[in-house]
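Novice: Give me a 3D structure for the following:
(2 chains)
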Amino acid sequence: MNQSRYANSVQLNDQGQLRHFLTLEGLDRELLTEILNTADSFVDMSAQSVKKVPLLRGKTVVNLFFENSTRTRSTFELAAKRLSADVLNLDIKSSATSKGETLRDTLWNLQAMASDMFVVRHSDSGAAHFIAEHVTPGVAIINAGDGRHAHPTQAMLDMVTIRRHKGDFSQLKVAIVGDILHSRVARSQIHVLNTLGAGEVRVVGPKTLLPKYIETLGVTVCYDLDEGLRDVDVVIMLRLQTERMASAFLPSQGEFYKLYGLSRERLALAKPDAIVMHPGPINRGVEIESEVADGCQSMILKQVGYGVATRMAVMSMAMSGQTTQ
Amino acid sequence: MQLEINVDAVLNRMGEELAAQLSQRGISRPMLVGIRSGGVWLAERLHRQLGISDPLGVLDISFYRDDFTRVGLNPKVQPSALPFATEGQHIVLVDDVLMTGRTVRAALNELFDFGRPASVSLVALVDLNARELPIRADIIGETLSLQPGQQVKLNGPDNLILELQDKA
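Specialist: Residues are numbered from 1 along each chain as shown, chains lettered A, B, ... in the order given. Alright, predicted model coming up:
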């Protein structure tokens, strides 16, 4: 747990409040619940005719995306705008070899523009952490996905979805299905589900797409989807990263769907009121059947809306922690 | 220290004054909105006393405070809920303690993000005579002048008791 203590020394201020948001590892249940509660208040804000609050008025938020992601970037942009911040979107193609210097230089240039927050997406694990350690005091860093390491806002929006639709975590069985190995989302989800006290967390996938020793994270491992789905309350499907196919982790897309695709018949093995989630973008007919993705148990489009609210919560809390430390 | 103020009796009188004032202004359908937390408890009682059939609104002004850059975000923020369209309505805003007027300013800002009301009036249980903004209440229960370092807190929700405290 040394690693999480180290992460917390960077992401929390001296009063234990968020000042950056880098990883869910090491965050306690109280703080995670505070994020969920704050996000819930922002979800309900959509009833206002002016869907904007003045919290980050006069602040400048820079979306620093070294890796493309239209959805994540646009929900962060919308979140910042609904907090009344000014937003700058920068898409920078990453050059892995020159990371250290380039990243630092980029940072210095952006700091010179008097930015208050960087939302960072990078293909290297630890990039957001690195920036948080080198940035000027007073500037908040939000991790929007780093390599295979973490995607904490995605995992938190999933928790918002689960709590709003299923309630008490301790009563829930949750199955995370698909490419766990390459998924930073899965890693963050496992951490937060365990901290929030979920009844059971299962990971389901082929051996080649499950990390070794994953059971040490406190999950049940299933190689068979039918077994993994039995009696669960929540099914979280992960996107099959088709670019992995080339590296021979999988025989073919068709084969994967046959074994691990979520069809209506398979979903019937879960509890009748189970919900289905997916971080998007979905591959219809690869990991999920269209009828399931569009069906009444699907939360997929709701998740997008909750994503904006969750990002508003994390951004305002981190900015708050920067001011009050 | 508990203040020698019978909140229920004061509130009863305020309800009568409010009813009289509303009828004098020709407002037959007021919409009551309480500011969390104390204002909501008071608004619930006034809502009952005036026999209002429209639901009660609740505002949590945490997202609209003007001191975010000094004190940060309230960790106990809860959703606001206005279960009616505010557009063109006569709103009665209810708060427990009126001090600087900053809470009411935040509430007005939030209220106007829901729509454009026809009018807004303000009801406050206690006025501390410490205005920092040009905001006054239409109905006031009690006026108090505190010593520096003191504050007033309304305890509830069942038995409403006004308490005099030393600031932490």
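Novice: how about whatever helix or strand A:Asn63 lives in against chain B, any contact?
Specialist: According to DSSP states H and E, A:Asn63 maps onto strand A:60-65. No. Strand A:60-65 is not in contact with chain B by Cβ under 8 Å from any Cβ of the partner chain; minimum separation 14.0 Å. C-beta here means a position set from N, CA and C on the backbone, and glycine is covered the same way.
Novice: contact partners of that strand?
Specialist: Strand A:60-65 has contacts (Cβ atoms under 8 Å, 6 or more residues apart in numbering or on different chains) with A:73, A:76-77, A:80, A:85-92, A:106, A:110, A:113-121, A:144, A:315.
Novice: Parallel or antiparallel, which strands does that strand pair with?
Specialist: Strands flanking strand A:60-65 in the sheet, each with its direction: strand A:86-91 (parallel), strand A:117-122 (parallel) (DSSP bridges).
Novice: Now that we have the contacts of strand A:60-65, which of them are buried?
Specialist: Among the contacts of strand A:60-65, the ones that count as buried by 16 or more other Cβ atoms under 10 Å in any protein chain shown are A:73, A:76-77, A:80, A:85, A:87-88, A:106, A:110, A:115-121, A:144, A:315.
Novice: how close does the residue positioned nearest the centre of chain A get to A:Val61?
Specialist: Chain A has A:Gln154 as the residue nearest its centroid, 2.0 Å off, counting by Cα atoms, centre = their mean. For A:Gln154, the distance to A:Val61 equals 18 Å [Cβ to Cβ, to the nearest Å].
Novice: What ranges does chain B have for its strands?
Specialist: B:30-35, B:57-59, B:90-98, B:119-127, B:139-143, B:150-155, B:161-166 (DSSP state E).
Novice: Show me chain A divided up by domain.
Specialist: Per automatic domain parsing, the structural domains of chain A span A:3-150+A:305-323, A:152-300.
Novice: related to what we said a few turns ago, any chance of the strands of chain B in TSV with mean pLDDT, mean neighbour count and distance to chain A as columns?
Specialist: Formatted as TSV, the strands of chain B follow (pLDDT from 0 to 100; neighbours: other Cβ atoms under 10 Å in any protein chain shown; distance: least, Cβ to the nearest Cβ, whole Å):
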stretch	mean pLDDT	mean neighbour count	distance to chain A
strand B:30-35	98	25	14
strand B:57-59	97	25	11
strand B:90-98	97	25	15
strand B:119-127	98	22	16
strand B:139-143	97	18	27
strand B:150-155	94	16	20
strand B:161-166	93	14	22
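Novice: Out of these, the one nearest A:Thr33 is which?
Specialist: Among the strands of chain B, strand B:57-59 comes nearest to A:Thr33, with 21.0 Å by Cβ to Cβ.
Novice: just how off-centre is that closest one within its chain?
Specialist: The chain centroid and the centroid of strand B:57-59 are separated by 10 Å under Cα atoms, centre = their mean, to the nearest Å.
Novice: before we move on, what about stretch A:198-208?
Specialist: Mean-position distance between stretch A:198-208 and its chain equals 17 Å (Cα atoms, centre = their mean).
Novice: for the least confident helix or strand in chain A by mean pLDDT, packing partners?
Specialist: For chain A, the helix or strand with the lowest mean confidence is helix A:99-111, at a mean of 74 (criterion: mean pLDDT, DSSP states H and E). Applying 3 or more Cβ pairs under 8 Å, 6 or more residues apart in numbering or on different chains; DSSP states H and E, we find helix A:99-111 packed against strand A:60-65, helix A:127-134.
Novice: Highest mean neighbour count across those, which stretch is it?
Specialist: Scoring the helices and strands packed on helix A:99-111 by mean neighbour count under mean count of other Cβ atoms under 10 Å in any protein chain shown gives strand A:60-65 as the most buried, with a mean of 23.
Novice: Taking strand A:117-122 as reference, get the angle to the helix or strand just after that strand.
Specialist: As assigned by DSSP H and E, the chain's next helix or strand after strand A:60-65 is helix A:70-82. When axes from the mean of the first three to the mean of the last three Cα atoms, to 10 degrees is applied, the directions of helix A:70-82 and strand A:117-122 differ by 180 degrees.
Novice: what about helix A:70-82 and chain B, any contact?
Specialist: No. Judged by Cβ under 8 Å from any Cβ, helix A:70-82 and chain B are separated, with a smallest distance of 10.1 Å.
Novice: residue ranges of the helices in chain A, please?
Specialist: A:2-11, A:29-44, A:70-82, A:99-111, A:127-134, A:152-166, A:184-195, A:225-229, A:253-260, A:264-267, A:290-293, A:300-324 (DSSP state H).
Novice: what does chain B give?
Specialist: In chain B, the helices defined using DSSP H lie at B:7-24, B:38-49, B:68-71, B:102-114.
Novice: looking at these, which is closest to chain A?
Specialist: Chain A sits nearest to helix B:102-114 of all the helices of chain B, at 3.9 Å, using Cβ to the nearest Cβ.
Novice: Distance from that closest one to the middle of the chain?
Specialist: 11 Å.
Novice: Which neighbouring elements make contact with that helix?
Specialist: Where contact means 3+ Cβ pairs under 8 Å, 6+ apart, helix B:102-114 is packed against strand B:30-35, strand B:57-59, strand B:90-98, strand B:119-127.
Novice: residues from the stretch 201-325 of chain A in reach of chain B?
Specialist: Within the stretch 201-325 of chain A, the positions near chain B by Cβ under 8 Å from any Cβ are A:Ser316, A:Met317, A:Ser320, A:Gly321, A:Thr323, A:Thr324.
Novice: again, only using 6 Å
Specialist: Within the stretch 201-325 of chain A, the residues that sit near chain B (Cβ under 6 Å from any Cβ of the partner chain) are A:Ser316, A:Met317, A:Ser320, A:Thr323, A:Thr324.
Novice: which of those residues sit farthest apart?
Specialist: Largest pairwise distance in those, by Cβ to Cβ, is 12.2 Å, between A:Ser316 and A:Thr324.
Novice: Mind checking which of those two has more residues around it?
Specialist: A side-by-side neighbour count of A:Ser316 and A:Thr324, using other Cβ atoms under 10 Å in any protein chain shown, places A:Ser316 first with 28 against 17.
Novice: circling back to that earlier point, put together CSV for the helices of chain A, with distance to B:Asp113 on each row.
Specialist: Conversion of the helices of chain A to CSV gives the following (distance: least, Cβ to Cβ, whole Å):
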stretch, distance to B:Asp113
helix A:2-11, 31
helix A:29-44, 13
helix A:70-82, 11
helix A:99-111, 31
helix A:127-134, 32
helix A:152-166, 22
helix A:184-195, 31
helix A:225-229, 43
helix A:253-260, 46
helix A:264-267, 40
helix A:290-293, 34
helix A:300-324, 15
